[in-house]
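1. need a 3D model of the following:
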Amino acid sequence: MKKKPLRKGKRRHHFLPLAIGRSGGVVLGALALWFFKKQADDVVDGGADRYDGLVMEAVHKIDNPTTTQALHVVTQLGSHWAIGTVAGLTALLMLRRGRRHDAMTVVVSTGGAMAINTILKNIFRRQRPKELARKIKLPASHSFPSGHSLLSAATYPIVVHHLVENESLPVQALAHTASGLIILGVGFSRVYFGVHFPSDVLGGFAAGFAWLGLTSLSHTAVEATEKD
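-> Purely as a prediction, here's the structure:
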């Protein structure tokens, strides 16, 4: 008996061939893991202290009400509640479209990222910045890696991919560019508000993209199996 195709319709473009796919998932995951290890080593041995201080000093020279107000909104896009809401709504939309595997991928990607963030913070137990003025409440959790950065990197690309993969290339380009800007903005906001060191943000991005690569790899492998 011939199996039904996993999706209805023909996929027109793959805007993220390096992030969504077998070989791309391996490459993305491996490079991100390597970079995370490098950041973690620098944090542990103190090698990150110098550039952390220089970057934070430069960032904190940018201080005006308009920027602060905008970044208050941006930083919330990387919070657990925002990421969970975006992932949950996307998963429900995928289910309504009969794309059960896509829905599961989004849930696993986001849920796994949240678990990885908690585990890594408890492993490294880095204290947050203490001396710089802050405009938001200092979180109670540890500093490395940045959870906002990790969750954003792991969730937004795969959510956007599932939402626009059948759209035209310009639409996909615009959507993924917006996703990338959100991820970078979230990371910058954490340094701007003084709740993370730059190395925390870089480590969060690396861990998030490593998990994205792994979930993309598994998603593509399962999808190919179900189509055979």
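2. list phi and psi for Pro139.
-> phi -60, psi 160 (degrees, to the nearest 10).
3. residues near it, how many?
-> 13 (other C-beta atoms under 10 Å). Just so you know, the C-beta spots here come from the backbone N, C-alpha and C atoms, and that holds for glycine as well.
4. repeat for the one 3 residues further on
-> Burial measure for His142: 18 neighbouring residues, criterion other C-beta under 10 Å.
5. oh, and call the first residue 36 from now on, that's how I've got it
-> Noted, 36 is the first residue going forward, which turns the last one into His177.
6. helix, strand or coil: sort out it for me.
-> With DSSP: H, G, I helix; E, B strand; the rest coil as the basis, His177 sits in coil.
7. so which bits of the longest helix along the chain are buried?
-> Ranked by number of residues, the top helix in the chain under DSSP state H is helix 233-262. Under the neighbour-count criterion of 16 or more other C-beta atoms under 10 Å, helix 233-262 has 233-252, 254-255 buried.
8. so what secondary structure elements neighbour that helix?
-> Applying 3 or more C-beta pairs under 8 Å, 6 or more residues apart in numbering; DSSP states H and E, we find helix 233-262 packed against helix 57-80, helix 84-94, helix 135-159, helix 182-199, helix 204-227.
9. any idea which of these is most buried?
-> Comparing those by mean neighbour count (mean count of other C-beta atoms under 10 Å), helix 182-199 ranks first with a mean of 26.
10. that one versus helix 204-227: what angle between them?
-> If you take axes from the mean of the first three to the mean of the last three C-alpha atoms, to 10 degrees, helix 182-199 sits at 170 degrees to helix 204-227.
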